[in-house]
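Colleague: Predicted model and sequence below, questions to follow.
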Amino acid sequence: MISVIEPATGEEMAQVHRAGTEDVDKAVAAAKAAFPAWRAVAPAERANLMHAMADALSNRASDLAETEARNAGKPISDAEGEIGMVVECFRYYAGAPERLLGKTIPVAGGVDMTFREPLGVVGLIVPWNFPLVIASWKVAPALAAGNTVVLKPAELTPLTALEMEKILLEAGLPEGVFNVVAGPGSVCGQRLVEHPDVAKVAFTGSTEIGRGIAEAAASTIKRVTLELGGKSANLVFADADVSAAAAAAPFAVFANAGQDCCARSRILVEAPVMDDFLSELEKTVRGMVVGDPLDRATQMGPLISSDHRESVAGFIEDESKIAFQGDCPDGPGFWFPPTVLAPMSNDDMASRDEIFGPVVCVIPFGDEEEAVRLANDTVYGLSGSIWTTNGAKALRVARGIDTGVLSINSNSSVRVSTPFGGFKQSGVGRELGPDALEHYTEVKNVFYSTEVG
Ligand code: NAD
């Protein structure tokens, strides 16, 4: 059995069956058997089913959000927002079955046309930080495009995925189309990646595991999309609304206790406004409410586990670099205070590695060229922000930074209708928006001769 722990208390909240390779094989066989009928469902009928699944998830939104808040240790208001996005994601892709359009291409001697065909069985592997919402970014486009699915949630947070399996079945999804296996990554995840009947793997997680998945998938030439780590920059220019940038910055890195691939965990500040920026930042950080995820006043919860808390603490090599910290409960539970390291160099370990906790490095820069160079001086390229009132500079800098998702005078990262994904070692492929559908379909080209008959 898997003992599922509540990070705010350190206590067990549930036990679930620990799946093994035989469970993966059974799930893949069920998905393979269900595929021919599922791909043949008429587009309008599949669209209606997507809406029925969205309705069913929406009806269960409040208990799914509570389970997610307790199991992942996230503030209840954040968990409600995430479950809202799960529903939105199913509704968005309900529009897809009737819009998976092909092309007709002018050629000699006949008619040439393309079709977007489903891939077959797809294996989806997701992390513990945004358990159900990241799953929905994969499940909804995969099903809408006519694939069948085996989903493997993270071992630490399997509960909402297992609930989703029941909810989708009750909403009318045929048996075998959507299957969940909750078990260790090195066993169940690995088997999914190596399974000859799985056509594609979509993975969200660490860059290290992603690299292994890309290698393992090569032997069966599986399609692979990877959403990996990040070390994103939040650039604050001297001509920005510095108070607005400083008031927003903590939530761009301490949301979800910093366990967010999009965390703006490097704040690059133009030197002349560094002091102003830090004093505004300090007010917000010291006022952050860190505590019980189920309390509506809470802005930040605990880290996911005791091991992870140790790993985060290990990044603070030099305590004299701590400019200031917020408060957090003493325990039980896996608490860590929001922590600001300043001034830092971009070469410090805390500025280079993905900490995945509530620790941010504030780094000064001299001019626009240096800001872009520092922002790009990382192996990652997932998100980022630019704060300036000069529109031309904002767009110049945005074009200069090698990253998949950028926002100007804002720290937003994700919308269901817009593409999300990384440059460099932050990943391969895109989720959400119309782009995701390309990764769940193959293009088939058909030529019909008009010269015979
Ligand atoms: P992880 O890489 O340890 O695990 C992710 C998933 O992979 C889990 O389900 C795990 O069981 C599974 N897994 C582990 N070993 C495997 C193997 N050998 N084969 C197949 N599957 C395996 O990541 P995590 O600790 O759960 O999540 C944190 C990481 O995820 C961070 O690096 C973060 O940046 C990244 N992340 C990225 C995004 C994004 O969209 N780019 C979003 C959220 C999290």
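Modeller: Noted; the coordinates are in hand.
Colleague: So which residues on the stretch 101-250 of the chain come close to the ligand?
Modeller: For the stretch 101-250 of the chain, the contact set with the ligand under C-beta under 6 Å from any ligand atom comprises 125-130, 134, 152, 154-155, 185-186, 189-190, 193, 204-206, 209, 212-213, 227-230. For glycine as for every other residue, the C-beta is placed from the backbone atoms N, C-alpha and C.
Colleague: And the stretch 351-453 of the chain, by the same measure?
Modeller: By C-beta under 6 Å from any ligand atom, the residues of the stretch 351-453 of the chain that approach the ligand are 354, 356, 382, 422, 427.
Colleague: switch the cut-off to 8 Å
Modeller: Within the stretch 351-453 of the chain, the residues that sit near the ligand (C-beta under 8 Å from any ligand atom) are 354, 356, 382, 420, 421, 422, 426, 427, 431.
Colleague: Tabulate the residues you listed (JSON lines), appending neighbour count and pLDDT.
Modeller: What follows is these, written out as JSON lines (neighbours: other C-beta atoms under 10 Å; pLDDT from 0 to 100):
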{"residue": "354", "neighbour count": "22", "pLDDT": "98"}
{"residue": "356", "neighbour count": "25", "pLDDT": "98"}
{"residue": "382", "neighbour count": "28", "pLDDT": "98"}
{"residue": "420", "neighbour count": "23", "pLDDT": "98"}
{"residue": "421", "neighbour count": "22", "pLDDT": "98"}
{"residue": "422", "neighbour count": "27", "pLDDT": "98"}
{"residue": "426", "neighbour count": "29", "pLDDT": "98"}
{"residue": "427", "neighbour count": "26", "pLDDT": "97"}
{"residue": "431", "neighbour count": "22", "pLDDT": "98"}
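Colleague: pretty sure residue 374 is touching residue 267, no?
Modeller: No. Taking contacts as C-beta atoms under 8 Å, residue 374 lies outside contact range of residue 267: 11.0 Å.
Colleague: what residues do the two have in common as contacts?
Modeller: By C-beta atoms under 8 Å, 6 or more residues apart in numbering, residue 374 and residue 267 have these common neighbours: 233, 363.
Colleague: Check which helices and strands the helix or strand where residue 113 lies is in contact with.
Modeller: Counting by DSSP states H and E, the element that carries residue 113 is strand 110-118. On a contact count with 3 or more C-beta pairs under 8 Å, 6 or more residues apart in numbering; DSSP states H and E, strand 110-118 meets helix 21-40, strand 104-107, strand 441-449.
Colleague: hey, which of the ones you listed is tucked in deepest?
Modeller: Of all the helices and strands packed on strand 110-118, helix 21-40 has the most neighbours on average by mean count of other C-beta atoms under 10 Å, namely a mean of 17.
Colleague: For that helix, give the mean pLDDT please.
Modeller: Helix 21-40 shows a mean pLDDT of 98.
Colleague: before we move on, what about stretch 364-378?
Modeller: 98.
Colleague: Please apply the same query to stretch 208-221.
Modeller: Mean per-residue pLDDT for stretch 208-221: 96.
Colleague: Skipping adjacent residues, who's closest to residue 447 in space?
Modeller: Spatial nearest neighbour of residue 447, chain neighbours left out: residue 112 (5.0 Å); criterion: C-beta to C-beta, 6 or more residues apart in numbering.
Colleague: What residues are bridge-paired with that neighbour?
Modeller: When bridges are called by DSSP bridges, residue 112 pairs up with residue 105, residue 447.
Colleague: quick thing: my sequence starts at 600, can you match it?
Modeller: Happy to do that; since the first residue is 600 now, the last one works out to residue 711.
Colleague: Just confirm it contacts residue 704, I think it does.
Modeller: Yes. Using C-beta under 8 Å, residue 711 is in contact with residue 704, at 4.4 Å.
Colleague: Now do the same for residue 1050: helix, strand or coil?
Modeller: What DSSP: H, G, I helix; E, B strand; the rest coil gives for residue 1050 is coil.
Colleague: State the pLDDT value of it.
Modeller: For residue 1050, pLDDT reads 95.
Colleague: quick one: the residue nearest to it when sequence neighbours are not counted and residue 714, what's the gap?
Modeller: Using C-beta to C-beta, 6+ apart and skipping residues adjacent in sequence, the residue nearest residue 1050 is residue 708, 5.4 Å away. Distance of residue 708 to residue 714, given as C-beta to C-beta, to the nearest Å: 20 Å.
Colleague: Look at those two and report which has more neighbours.
Modeller: Neighbours per residue (other C-beta atoms under 10 Å) separate residue 708 from residue 714, with residue 714 holding more: 14 against 11.
Colleague: who's in contact with that one?
Modeller: Shown in contact with residue 714 (C-beta under 8 Å, 6+ apart): 701, 1042, 1043, 1045.
Colleague: before we move on, what about residue 1009?
Modeller: Neighbour list for residue 1009: 847, 984 [criterion: C-beta under 8 Å, 6+ apart].
Colleague: I'd like to know how far it sits from the ligand.
Modeller: 19 Å (C-beta to the nearest ligand atom, to the nearest Å).
Colleague: So that residue lies in a helix, does it not?
Modeller: No. Counting by three-state DSSP, one finds residue 1009 to be coil, located in no helix.
Colleague: Mind pulling the model confidence for it?
Modeller: At residue 1009, pLDDT is 97.
Colleague: Need the phi and psi values for it.
Modeller: Phi and psi for residue 1009, reported as degrees, to the nearest 10, are phi -170, psi 160.
Colleague: residue boundaries of the strands in the stretch 700-849 of the chain?
Modeller: With strands called from DSSP state E, counting those that start in this stretch, the stretch 700-849 of the chain shows them at 703-706, 709-717, 720-724, 747-751, 777-779, 799-803, 822-826, 832-835.
Colleague: Would you convert the ones you listed into TSV that also reports distance to residue 883?
Modeller: Putting the strands of the stretch 700-849 of the chain into TSV (distance: least, C-beta to C-beta, whole Å) gives the following:
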stretch	distance to residue 883
strand 703-706	56
strand 709-717	47
strand 720-724	36
strand 747-751	37
strand 777-779	39
strand 799-803	29
strand 822-826	29
strand 832-835	14
